[in-house]
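Chemist: I need the structure of the sequence given here:
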Amino acid sequence: MSKVVVTGIGIITAIGDSVYRNREALVQGISGIGHAVHFQSKYTGVLPFAEIKYSTPELADKLKIQQSGTTRTDLVALHAFKEAIANANLSTKILQSADTALIGASTVGGMCLTDEMYADANQKGNQGSTYLGSYSNSACTIFVQKQYGVGGIVNTFNTACSSSANAIMYGAKLIKNGLAKRVIAGGADTLAKFTVNGFNSLMILSKKPCRPFDAARNGLNLGEGAAFVVLEKEEDAIGKTIYAEVKGYGNSNDAYHLSSTSPEAEGPFLCMQRALESAGLKPDEIDFINAHGTATENNDETESIAMKRLFETPPAFASTKSYTGHTLGAAGAVEAVFGILNLHHQEVYPSLNYTDVIETTGLVPVQEYQNKKLNHVMSNSFGFGGNCSSLVLTHFPTI
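Modeler: Numbering: from 1, shown residues only. Sure thing, here's the model as predicted:
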């Protein structure tokens, strides 16, 4: 069966507005977690966030978007999408072809403008609000599709924090089953009062930069971002830069608790196991894991338990959420792009802020940037409700 390969990548996060700038920050160990300037909430003075460095009007100007009702989520999605398709050299004609699919993902969608929609709707009475159409989690996918007239299958995933990992998985399956010739897959999420208040009610937001896999971890930092990858068959990518192969993928539902994984880590274990089976690989062939690594008490311990169950000796691992914060529905795509960079540049980016091992598991994340021979990288994304997904990405040697 044909290999599904990555021929384009695009990204915007708190550590940069391009693939180049994101990699530069990762290599230098520079985190984007800090004081929010553009996001307004009663928590901005108390909690750190990983905020994109542009205001919403600046993003709109940069992208030349003027239409009413456009959300910050729409804009960051468009920004990452534009870089990905330019990187893959996809023309307007190709994008509008019926065999080009767009698979997006988001959990926040237009909820970043809930206050504006509420005020607008109350002022206009029965006329409704211009923000209503952009409120759903699928609105940013539709927004991008309309900008370019993407002609094939268009779909959106909302499986919480595994959303865009599932979008990439679904995109690869569309190609393998002959339902699309190329797929642009990824996701976007931005900071919103709804999610900040929700996570705060769970008491899992840290008042300091997060510390994935550290004994003293005390919660996550919310971030925002967007990332897309262009997927094609190997034989359709002749003459293009191929960044990596999407070798395998796995999904499972823990079905244990709305916001926690089970003590035995059944969901994380099964999705990693299924990803390996899909890739036709043995556990000892994985060279590095970009862990879900939220820095919450539950996730880091149970993800460690899952790794110990699956791997006789767990491979090197780290969490890039210590750079970007937790970008929710965008996290799977953001971290898949980082996994692709791991492979393409043969390098590993360390977890930041780690000092002490979790005694019950004894696993220590990578703590320093290093050049490392990598053939296969696993990227984990676990969502609320127990929706757990893993991608296996494989190095594609340039000739």
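
Chemist: only C-alpha atoms for contact and neighbour calcs from this point on.
Modeler: OK.

Chemist: What ranges does the stretch 151-300 of the chain have for its helices?
Modeler: Using DSSP state H, counting those that start in this stretch, the helices of the stretch 151-300 of the chain run over 163-176, 193-201, 266-279, 297-310.

Chemist: winner for burial among those?
Modeler: Counting by mean count of other C-alpha atoms under 10 Å, helix 163-176 has the highest mean neighbour count of those, with a mean of 26.

Chemist: got the contact list for that one?
Modeler: Identification of contacts with helix 163-176 by C-alpha atoms under 8 Å, 6 or more residues apart in numbering yields 1-2, 4, 101, 103-107, 156-157, 159, 180-187, 229, 231-233, 246, 249, 251, 329-333, 336, 381, 383, 389-391.

Chemist: got CSV for the helices of the stretch 151-300 of the chain, with distance to residue 67 and mean pLDDT too?
Modeler: Converted to CSV, the helices of the stretch 151-300 of the chain look like this (distance: least, C-alpha to C-alpha, whole Å; pLDDT from 0 to 100):
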stretch, distance to residue 67, mean pLDDT
helix 163-176, 26, 98
helix 193-201, 23, 88
helix 266-279, 41, 96
helix 297-310, 40, 95
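
Chemist: any low-confidence regions in the chain?
Modeler: By pLDDT under 70, the low-scoring segments of the chain are 110-135, 259, 398-399.

Chemist: Strands of that one, residue ranges please.
Modeler: Secondary structure of the chain by DSSP state E: the strands cover 4-12, 33-34, 49-50, 100-105, 154-157, 182-189, 225-233, 244-253, 288-290, 316-318, 347-348, 370-371, 376-382, 387-394.

Chemist: buried residues in the longest one?
Modeler: Within strand 244-253, the residues that qualify as buried are 244-253, counting by 16 or more other C-alpha atoms under 10 Å.

Chemist: which outside residues touch it?
Modeler: 3-7, 166, 169, 172, 267-268, 270-280, 340, 343-344, 385-396.

Chemist: Likewise for the fifth one?
Modeler: Contacts to strand 154-157, defined as C-alpha under 8 Å, 6+ apart, come from residues 101-106, 137-138, 141-142, 145, 163-164, 166-167.

Chemist: what sits against the most centrally placed residue in the chain?
Modeler: The residue lying closest to the centre of the chain (C-alpha atoms, centre = their mean) is residue 331, at 2.3 Å. By C-alpha under 8 Å, 6+ apart, residue 331 lies in contact with 161-162, 164-165, 187, 225, 381.

Chemist: repeat that for 7 Å
Modeler: 161, 164 (C-alpha atoms under 7 Å, 6 or more residues apart in numbering).

Chemist: Now do it against residue 40, distance only.
Modeler: 22 Å (C-alpha to C-alpha, to the nearest Å).

Chemist: Equivalent analysis for residue 242, please.
Modeler: Residue 242 is 40 Å from residue 40, by C-alpha to C-alpha.

Chemist: Looking at the two, which is more packed in?
Modeler: Per other C-alpha atoms under 10 Å, whichever of residue 242 and residue 40 has more neighbours is residue 242, with 21 against 12.

Chemist: For the nearest residue to the more buried one once chain neighbours are set aside, grab the count of nearby residues.
Modeler: Distances taken as C-alpha to C-alpha, 6 or more residues apart in numbering place residue 7 nearest to residue 242, at 4.9 Å, with adjacent residues excluded. Applying other C-alpha under 10 Å, we find 27 residues neighbouring residue 7.
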